[in-house]
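>>> heads up, no residue letters with this:
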């Protein structure tokens, strides 16, 4: 699947079959995150790949639907970098697109991670001075959402708003 097709196909998938994901595919997905643009090329990220079922079951307190994910990627950032939030967001989007290109479903778990950030950091051994931006569950999709996006005509403006 080419990049444009993966971008067009990507949706937030919240139902997974529970099948394992090959390590090579998980490395490819994380590598896509690693290759994201970052302010001043600081690359303020680390990624924790979680495949252990016990840990996935603990983390699902953030969102019950994560229990059947094949893996969860915890995105850890260094907040001393001026653009850590933007950089982390770019890395996550790259991983979402890479997951789609490989045939997996994924979802950016937003505010639910922040509500339990300190607890999750302790469970995952994240250093105190780092931030846990989000958890990204990835898995073989149990279903693929079909929600429509706004049309290009609804959102594009030329020269002025």
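The structure has been received and is ready for your questions. Predicted, not measured: the structure shown is a model, and the values here were computed from it. Numbers count the residues shown, from 1 in each chain.
>>> list the buried residues of the helix or strand of the chain with the lowest mean pLDDT.
Among the helices and strands of the chain, helix 111-115 carries the lowest confidence by mean pLDDT, DSSP states H and E, at a mean of 83. If you call a residue buried by 16 or more other C-beta atoms under 10 Å, then helix 111-115 has these buried ones: residue 113. To be clear about C-beta, it is placed using only N, CA and C from the backbone, and glycine gets the same treatment.
>>> neighbouring contacts of it?
62-63, 120, 132-135 (C-beta atoms under 8 Å, 6 or more residues apart in numbering).
>>> stretch 84-101 now?
1, 3, 5-7, 9-10, 28-39, 42-45, 47, 73, 75, 77-78, 81, 105-108, 131, 133-134, 136, 138.
>>> in it, what's buried?
Quick answer for stretch 84-101 (16+ other C-beta under 10 Å): 84, 87-101.
>>> same check, this time on stretch 136-144
Going by 16+ other C-beta under 10 Å, stretch 136-144 has these buried residues: 136-141.
>>> please tell me how far the residue lying closest to residue 107 once chain neighbours are set aside sits from residue 27.
The shortest distance from residue 107 to any non-neighbouring residue, by C-beta to C-beta, 6 or more residues apart in numbering, is to residue 12 (4.3 Å). Distance, residue 12 to residue 27, using C-beta to C-beta, to the nearest Å: 23 Å.
>>> mind checking which of the buried residues of stretch 84-101 are in helices?
In this view, these that belong to helices under DSSP state H are 84, 87-101.
>>> what is the mean pLDDT for the helix or strand hosting residue 56?
Using DSSP states H and E, residue 56 maps to helix 53-59. Here helix 53-59 scores 97 as its mean pLDDT.
>>> that one - contacts with which helices or strands?
Counting by 3 or more C-beta pairs under 8 Å, 6 or more residues apart in numbering; DSSP states H and E, the packing neighbours recorded for helix 53-59 are strand 71-77, helix 117-124.
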